[in-house]
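A.B. asks: show me the folded form of this:
(one chain, ligands or ions: 3)
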Amino acid sequence: MWRRVASLSSSISSSFLAQTASRLNTWESLTTGIAQQAKGVIAPKEKTPFITFVLGGPGSGKGTQCIKIVETFGFAHLSAGDLLRREIASKSADGAMILNTIKEGKIVPSQVTVKLIQKEMELSDNHKFLIDGFPRTEENRVSFERIIGVEPNVVLFFDCPEEEMVKRVLNRNEGRVDDNLETIKKRLTVFQALSLPVINYYSEKGKLYTIKAIGTEDEIFEQVRPIFAAFEQTVG
Ligand SMILES: Nc1ncnc2c1ncn2[C@@H]1O[C@H](COP(=O)(O)OP(=O)(O)O)[C@@H](O)[C@H]1O
Ligand SMILES: Nc1ccn([C@H]2C[C@H](O)[C@@H](COP(=O)(O)OP(=O)(O)O)O2)c(=O)n1
Ligand SMILES: [Mg+2]
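C.D. replies: Ligands and ions are numbered 1, 2, ... in the order given. Reported below is the predicted structural model:
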């Protein structure tokens, strides 16, 4: 694994290499634990994980664009909302609590969400992850860093006017308990109060890529494409 890192293009900065090295160590410990539990079932990770957080208000088009990124750049798509809805459907111990939280337009405790994300990352044989709809709060962010031990390489922010988001959510038609006017208003308030600080945090760290999320799906993807194209050589 170390040889792999060393043979990467010489254009990579030393700070990138240092970050890579630290992520590799974390990844090794993450996967070693799993390998011990399920020897031979899960292929060892040989590549450095590349993590993208996909942020934006409800209905801003995160999921839609993630599908295009998966098709074009071969990422694994982990939607925090989908993982939580799967927990509800499986009637797990946390299911009822998650359902009530989502109906109220609130945020599920980070420990629950991070564990679901962690499990998916460990089971995946991909090393490139799109983590969609997460972190939605500072608590989410800190919890991910503490439990997973890595920081994102890229943070996408789909910046969409509120009235457009409301229109899209009300037309989404997926039978979701939170796609109604009452819950969407609460979700927009939560987004402003709790999610925007996370977006500002990554902006200050120089990791934020803001996408103007109006126009056709294809027009929006043309803003997304060059971001990942620029990383393709180094990430694989
Ligand atoms: N550029 C777009 N223009 C119009 N509608 C869109 C666009 N992108 C997505 N949608 C639609 O808006 C709704 C919300 O999109 P989605 O990808 O689920 O957003 P998010 O995951 O951010 O909540 C979906 O019904 C989707 O088909
Ligand atoms: N990090 C997260 C992500 C989603 N949730 C809950 C609360 C959110 O309103 C719902 C739905 O999230 P989802 O990402 O599917 O919603 P949108 O795609 O933005 O419409 O899930 C959460 O509590 N914590
Ligand atoms: Mg979504």
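
A.B. asks: what's in contact with stretch 171-190?
C.D. replies: The contact list for stretch 171-190 (C-beta atoms under 8 Å, 6 or more residues apart in numbering) reads 57-59, 85, 99, 102-107, 136, 162, 165-166, 169-170. In this view, the C-beta of every residue, glycine as well, is placed from N, C-alpha and C.

A.B. asks: and with 10 Å instead?
C.D. replies: 57-59, 63, 81, 85, 88, 99-107, 136-137, 162, 165-166, 168-170, 195 (C-beta atoms under 10 Å, 6 or more residues apart in numbering).

A.B. asks: quick one: neighbours of Ala230, just the number.
C.D. replies: For Ala230, the neighbour count with other C-beta atoms under 10 Å is 11.

A.B. asks: ok, Glu122 next?
C.D. replies: Residues near Glu122, counting by other C-beta under 10 Å, number 17.

A.B. asks: same deal with Gly74?
C.D. replies: Using other C-beta under 10 Å, Gly74 has 13 other residues around it.

A.B. asks: for it, which non-adjacent residue is spatially closest?
C.D. replies: The shortest distance from Gly74 to any non-neighbouring residue, by C-beta to C-beta, 6 or more residues apart in numbering, is to Lys128 (6.6 Å).

A.B. asks: verify the stated contact: that neighbour with Val70.
C.D. replies: Yes. Contact criterion C-beta atoms under 10 Å: Lys128 and Val70 qualify, at 9.4 Å.

A.B. asks: returning to what we had before: which ones are touching the residue nearest to Gly74?
C.D. replies: Lys128 neighbours (C-beta under 10 Å, 6+ apart): 47-52, 69-70, 73-76, 153, 228, 231-232, 235-236.

A.B. asks: restrict the contacts of stretch 171-190 to contacts with ligand 2.
C.D. replies: 58-59, 63, 81, 101-102, 105, 107, 136 (C-beta under 6 Å from any ligand atom).

A.B. asks: so which of those residues sit within helices?
C.D. replies: Under the assignment DSSP state H, those contribute 63, 81, 101-102 to helices.
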